[in-house]
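1. Make a model of this:
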Amino acid sequence: MPASSQRSTISPLGAIFDANRRGRATGVFSVCCAHPTVIRAALELARDREQVAVIESTCNQVNQDGGYTGMTPIAFADQVRAMAREVGLPDDDLVLGGDHLGPQPWRDLPADAAMAKAVAMIETYARAGYGKLHLDCSMACADDPAELADAVIAERAARLAAAAEAAVGTNTTRPVYVIGTEVPAPGGMGEGHAIMPTRADSVKTTWRAHETAFAQAGLTPILARVVAIVVQPGLDFGNEDVVRFDPAGAAELASAVLALPGAVYEAHSTDYQPSASYRALVAMHFAILKVGPAATFALREAVYALEDVARELPGWNPRWSVRDALEAVMLREPRHWASHYGGDPARQAYLRHYSYSDRVRYYWTEPAVEIAVDGLFGFLRTEPLPLPLVSRYFPQHIPAVAAGKLLATPDDLARASVKAALAPYASACGDHALARA
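-> Next up is the predicted model:
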C-alpha cells in the first residue's frame with residue numbers, strides 16, 4: 001500500500017494532509033494549551049466548522065510527573081474527551097497531540113537518565129490514546145555537547161517511537177508522528193532576533209537522518225506514519241512585535257516538502273499573524289499551524305475586560321481582582337517570566353500582563369488566581385451583564401449579542417474572545433469533510 005494511502009486510513013489527519021499535498025487548501029490548526037476555557041472554545045469552533053480539532057499538550061505541561069499543570073497524559077486526555085462529548089464534537093473529529101516529546105523537562109540530567117524519563121513519558125502518552133506525537137530530542141542534556149549531531153537526535157527520536165509503538169500494543173489505532181526540531185525559541189523571539197526560514201537542504205538532511213535511524217531500529221514501516229516535519233517558515237513574535245510570514249522568502253522551503261514521501265510541514269509560533277498569512281501558509285504545505293500563546297492572550301484580555309465590567313457594578317469586591325492575584329503570584333514566583341522580560345521594574349510590570357509571549361498562562365492554576373477567577377465569574381453570573389458595559393468592553397461581540405447568537409455571560413464572552421483569535425486559523429484550514437471524502 002502506498003504511504004499516502006496508509007496515512008489516509010490510520011488517522012483523520014492523513015486524508016487532510018494528502019489533499020494538501022495535491023494542492024487543496026486544507027490543513028489543521030493545533031491548539032497547544034491546557035486551559036479548559038481555551039480547549040472548550042477550540043472544540044466548539046471545530047464542531048461549528050465541521051473540522052478536526054487537534055488539541056495538544058507539551059512535555060512541560062503534561063507528563064508522567066504531572067508537569068506544571070499537575071496533569072498526567074491520561075488525565076489530560078480524559079478531560080479533553082469529556083469536553084468534546086459535552087459540546088457534541090464527534091469522536092472521529094478529535095485528535096490529541098503531544099508536543100516536543102523528549103528529554104526537555106529533564107535536560108539537567110545525564111542523557112541516559114533524561115532519555116529514560118522521556119521514554120516513560122511517551123509510553124504514557126501512547127497508552128492514553130494520543131494520536132499525534134512530536135518527537136523532539138534536539139536539546140542537549142547534562143553530559144551532551146552544546147549542539148547535538150543530526151544522527152544523535154534522530155537515534156533518540158527512533159528510540160521514543162519504538163517505545164510508543166510498544167506501549168500502544170495491539171490497539172488498532174496507531175499514532176502518527178512529527179519529526180524535526182527547528183522551531184522558534186519558546187515564548188517568542190528575543191530582541192534583535194533574526195528570522196530565517198529553514199533551508200531546503202536542512203529538511204532533506206533531517207529526513208534522511210530519521211530514515212536511517214528508524215531503519216536501524218527496525219522501524220522502517222513506521223515511516224509511513226511520519227506525517228510532518230517541523231520547520232521555521234520565517235515568522236515569529238516578540239513581546240510587542242510580530243514578524244509576518246513572507247511567502248516569497250519561504251518559496252524554496254515550501255517546494256522541498258514535495259520531495260518527502262507524503263509529509264507536510266508543521267509551523268510553530270504562528271501566533272498573531274494576519275489572516276492572509278495563514279491562508280498562504282496552508283497553500284504552501286505548512287498544513288499544521290500551531291497555536292501557542294495567542295489563545296491564552298485572548299483569554300487574558302477577556303478576563304481583564306470582565307474585571308473592568310465588574311468594577312462598574314454595585315457589589316464589586318476587590319478580592320475578586322484577577323489582575324491583582326496574578327501580579328502577586330508572578331512577583332512571588334518569577335521563574336516563568338523573569339528570563340523573558342527585561343528593562344526596569346515598570347517595564348517588567350507592563351510586560352507581565354501585556355506581552356505577546358503571555359507568560360501569564362503559567363499562573364492560571366495557582367490557587368489564589370483560581371479563587372479570584374471564581375469570585376469574579378460568580379459575581380458576574382448573578383444577573384445578565386448590562387449591554388452598555390458589554391458594548392464598552394466587548395464591542396467586537398455586540399453584533400452577536402444583539403442578534404441573540406451570543407449570551408452576555410462571562411463564560412460565553414470569554415470563550416467567544418478565544419474563538420475570535422482562533423477563527424482566522426479555522427478559515428485558512430478549509431473544508432475537512434471535502435478533504436476526507
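2. Isn't Ala256 up against Ala200?
-> Yes: with contact defined as Cβ atoms under 8 Å, Ala256 and Ala200 form a contacting pair (3.8 Å). Yep, even glycine has a C-beta here, placed from its N, CA and C like the rest.
3. Those two: which has the busier surroundings?
-> Ala256 (21 against 17; other Cβ atoms under 10 Å).
4. need the contact list for the more buried one.
-> Ala200, Val203, Lys204 (Cβ atoms under 8 Å, 6 or more residues apart in numbering).
5. what helix or strand does it sit in?
-> helix 251-256 (DSSP states H and E).
6. Can you show me the helices along the stretch 51-200 of the chain?
-> 73-87, 111-127, 150-168, 200-216 (DSSP state H, counting those that start in this stretch).
7. ok, residues contacting the third one?
-> Surrounding helix 150-168, the residues in contact under the criterion Cβ under 8 Å, 6+ apart are 101-103, 115, 118-119, 122-127, 133, 135-138, 174-175, 177, 179, 181, 205-206, 209-210, 212-214, 216-219, 222.
8. try it again with 6 Å
-> Residues outside helix 150-168 that contact it (Cβ atoms under 6 Å, 6 or more residues apart in numbering) are 119, 122-123, 126-127, 133, 135, 137-138, 205, 209-210, 213-214, 217, 219, 222.
9. and those residues, which are buried?
-> Among these, those scoring as buried are 119, 122-123, 126-127, 133, 135, 137-138, 209-210, 213-214, 217, 219, 222 (criterion: 16 or more other Cβ atoms under 10 Å).
10. Can you report how many residues lie near Tyr363?
-> Close neighbours of Tyr363, defined as other Cβ under 10 Å, add up to 21.
11. so where's the longest strand in the chain?
-> strand 94-101 (DSSP state E).
12. And what about the residue located most distally from the centre of the chain, helix, strand or coil?
-> The centre of the chain is farthest from one residue, Pro314, which by Cα atoms, centre = their mean lies 39.0 Å away. Secondary structure for Pro314, judged by DSSP: H, G, I helix; E, B strand; the rest coil, is coil.
13. hang on, the earlier thing: with respect to Trp320, which of the contacts of Ala256 is nearest?
-> Using Cβ to Cβ, Val203 is the member of the contacts of Ala256 that sits closest to Trp320, with 50.5 Å.
14. Would you mind listing the outside residues contacting the longest strand of the chain?
-> Contacting residues not belonging to strand 94-101 are listed as 32, 53-56, 58-59, 77, 84, 122, 125, 130-134, 136 [Cβ under 6 Å, 6+ apart].
15. Output the contacts of Ala256 in CSV; the columns should cover distance to Ala346 and pLDDT.
-> Output for these, formatted as CSV (distance: Cβ to Cβ, whole Å; pLDDT from 0 to 100):
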residue, distance to Ala346, pLDDT
Ala200, 45, 95
Val203, 44, 95
Lys204, 48, 95
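16. Enumerate every residue touching His336.
-> Arg359, Tyr362.
17. Now with 8 Å, please.
-> Met330, Arg359, Tyr362, Tyr363.
18. got it, and Asp136?
-> Cys59, Asp99, His100, Leu101, Gly102, Gln104, Ala157, Thr181, Val230.
19. I'd say the fifth one and Leu135 touch.
-> Think Gly102. Yes: between Gly102 and Leu135 a contact is recorded at 6.7 Å, counting by Cβ under 8 Å.
20. still on that earlier bit, so what are the sheet partners of the very next helix or strand once past the helix holding Ala256 and their directions?
-> With elements assigned by DSSP H and E, the helix or strand that comes after helix 251-256 is strand 264-267. Take DSSP bridges as the rule and strand 264-267 pairs in its sheet with strand 226-231 (parallel), strand 288-291 (parallel).
21. Output the ones you listed in JSON lines; the columns should cover mean pLDDT and mean neighbour count.
-> Shown next, in JSON lines, are the strands paired with strand 264-267 (pLDDT from 0 to 100; neighbours: other Cβ atoms under 10 Å):
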{"stretch": "strand 226-231", "mean pLDDT": "97", "mean neighbour count": "26"}
{"stretch": "strand 288-291", "mean pLDDT": "97", "mean neighbour count": "27"}
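22. Same list (those) but as JSON lines, adding distance to Tyr68.
-> Listed next are the strands paired with strand 264-267 as JSON lines, based on distance: least, Cβ to Cβ, whole Å:
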{"stretch": "strand 226-231", "distance to Tyr68": "22"}
{"stretch": "strand 288-291", "distance to Tyr68": "19"}
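23. so which of those strands comes closest to Arg40?
-> Across the strands paired with strand 264-267, closest to Arg40 is strand 288-291 (Cβ to Cβ), at 14.5 Å.
24. That closest one: how far from the chain's middle?
-> 6 Å (Cα atoms, centre = their mean, to the nearest Å).
25. Only the C-alpha atoms, please, for it, written as PDB.
-> These are the backbone C-alpha positions of strand 288-291, laid out as PDB (Å, rounded to 0.1, in the frame of the first residue of the first chain):
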ATOM      1  CA  ILE A 288      -0.200  22.100  10.600                       C
ATOM      2  CA  LEU A 289      -0.500  25.600  12.200                       C
ATOM      3  CA  LYS A 290       0.500  25.500  15.900                       C
ATOM      4  CA  VAL A 291      -1.400  28.000  18.100                       C
END
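26. returning to what we had before: among the contacts of His336, find me the one that's closest to Ala250.
-> Using Cβ to Cβ, these come closest to Ala250 at Arg359, 28.5 Å.
27. Surely that closest one and Arg335 touch.
-> No: contact between Arg359 and Arg335 fails when scored by Cβ under 8 Å: they sit 9.9 Å apart.
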